[in-house]
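Visitor: how does the following fold in three dimensions:
(one chain, ligands or ions: 1)
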Amino acid sequence: MSFSFKNDSEKSEQDRYLKLQEGLVRVRFLDEEPLEKWTHWINNKPLNCPGPKNGCPACVVNRKAKAEDPKSQAVFKLQKTKIINVAVYGDRGVTPEVKILAVASSLGDALQDIVQEYGDVRDYDVKIKKSKSGPKIWDVRYGATKASDDFWKTEFDVLRENRFDLAPEIVPAKPADIAAAMRGTSETEDNVSSVSVSEETLTKLREGIKKHEQGVALGLVDFGIDEKTLTEKEALDYIKELC
Ligand SMILES: [Zn+2]
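Guide: Modelled structure (predicted):
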């Protein structure tokens, strides 16, 4: 018998994700494998990166900055996390709450060690520890250890039914939405400059132009093509004409 309901993906980011506080938290992992997620944090908003080949404007800016100065830091940092459903324990005897845990690299390493030693991470309780390693807000360290006892033994089927669907969490953001966040607005404009065409198509077009005008160093600009307003469709039409 089950009278549980599936967790609602419409819940806010805060309600879905486990926000780790300083100190210890005891969890039980509910998924065997995490999903990988690449996120730009722009104006405090997490936006999943669609990749530079799919026209991610943040990555385009990063690449340009890198080309100009190889030592420069990424303008729009890209964070890799792994997400996984966990049951978060409160007091002993209280039904744990299902949350998504976002695992960044240091915590991931600690968990990997546990899995290697004790096997399937769903089979035992894990204690996660967050501690300060310096005065700055980002000076934090994560550790994880297998708990010596388990709070719950058998009731995990019910909790598993309450897992969040992780697939929507890793859907890439639209390039236009990322561009809007970069401009500091939340509205999406239809006519977003420089991001309507993917880097991959642009490269093809550049190569097509080079091939077309053998021996003459021509660029897009010589054909009256403006990268900033070029759309994917226009670019593909040009490529067709050239080849
Ligand atoms: Zn990106």
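Visitor: give me phi/psi at residue 165?
Guide: Note on residue 165: backbone dihedrals following degrees, to the nearest 10 are phi -70, psi 120.
Visitor: the helix or strand hosting residue 240: how far from the chain's middle?
Guide: Taking DSSP states H and E as the definition, residue 240 sits inside helix 232-242. Centroid separation for helix 232-242 versus its chain: 31 Å, with C-alpha atoms, centre = their mean, to the nearest Å.
Visitor: which outside residues touch the one helix or strand residue 128 maps to?
Guide: Using DSSP H and E, residue 128 sits within strand 126-132. The set of residues external to strand 126-132 that reach it, using C-beta atoms under 8 Å, 6 or more residues apart in numbering, is 20-29, 107, 111, 114, 139-147. Any C-beta I mention is one placed from the backbone N, CA and C, and that applies to glycine too.
Visitor: what comes up buried for the least confident helix or strand in the chain by mean pLDDT?
Guide: Ranked by mean pLDDT, DSSP states H and E, the helix or strand of the chain with the weakest confidence is helix 199-212, at a mean of 73. Within helix 199-212, the residues that count as buried by 16 or more other C-beta atoms under 10 Å are 199, 201, 202, 204, 205, 206, 208, 209.
Visitor: where along the protein do the helices fall?
Guide: Secondary structure of the chain (DSSP state H): helices at 13-16, 57-68, 105-118, 156-161, 175-182, 199-212, 232-242.
Visitor: need the winner for burial among these.
Guide: Among these, the stretch with the highest mean neighbour count (mean count of other C-beta atoms under 10 Å) is helix 175-182, at a mean of 23.
Visitor: and the angle from that one to helix 57-68?
Guide: 70 degrees (axes from the mean of the first three to the mean of the last three C-alpha atoms, to 10 degrees).
Visitor: residue 40 contacts residue 75, correct?
Guide: No: the criterion here is C-beta atoms under 8 Å, and residue 40 misses it with residue 75 at 9.9 Å.
Visitor: neighbour count for the two, which is higher?
Guide: Higher neighbour count among residue 40 and residue 75: residue 40, with 24 against 16, using other C-beta atoms under 10 Å.
Visitor: how about the contacts made by the more buried one?
Guide: Contacts of residue 40 (C-beta under 8 Å, 6+ apart): 46, 47, 48, 49, 56, 58, 76, 77, 78, 79, 178.
Visitor: distance of the last one relative to the ion?
Guide: Spelled out, it's residue 178. 7 Å (C-beta to the ion, to the nearest Å).
Visitor: show me the contacts for that residue.
Guide: 40, 42, 47, 49, 50, 56, 57, 58, 195.
Visitor: same list, those, but as TSV with pLDDT and distance to the ion please.
Guide: As requested, the contacts of residue 178 are exported to TSV (pLDDT from 0 to 100; distance: C-beta to the ion, whole Å):
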residue	pLDDT	distance to the ion
40	92	5
42	87	10
47	94	8
49	96	3
50	95	7
56	94	3
57	93	8
58	93	4
195	55	11
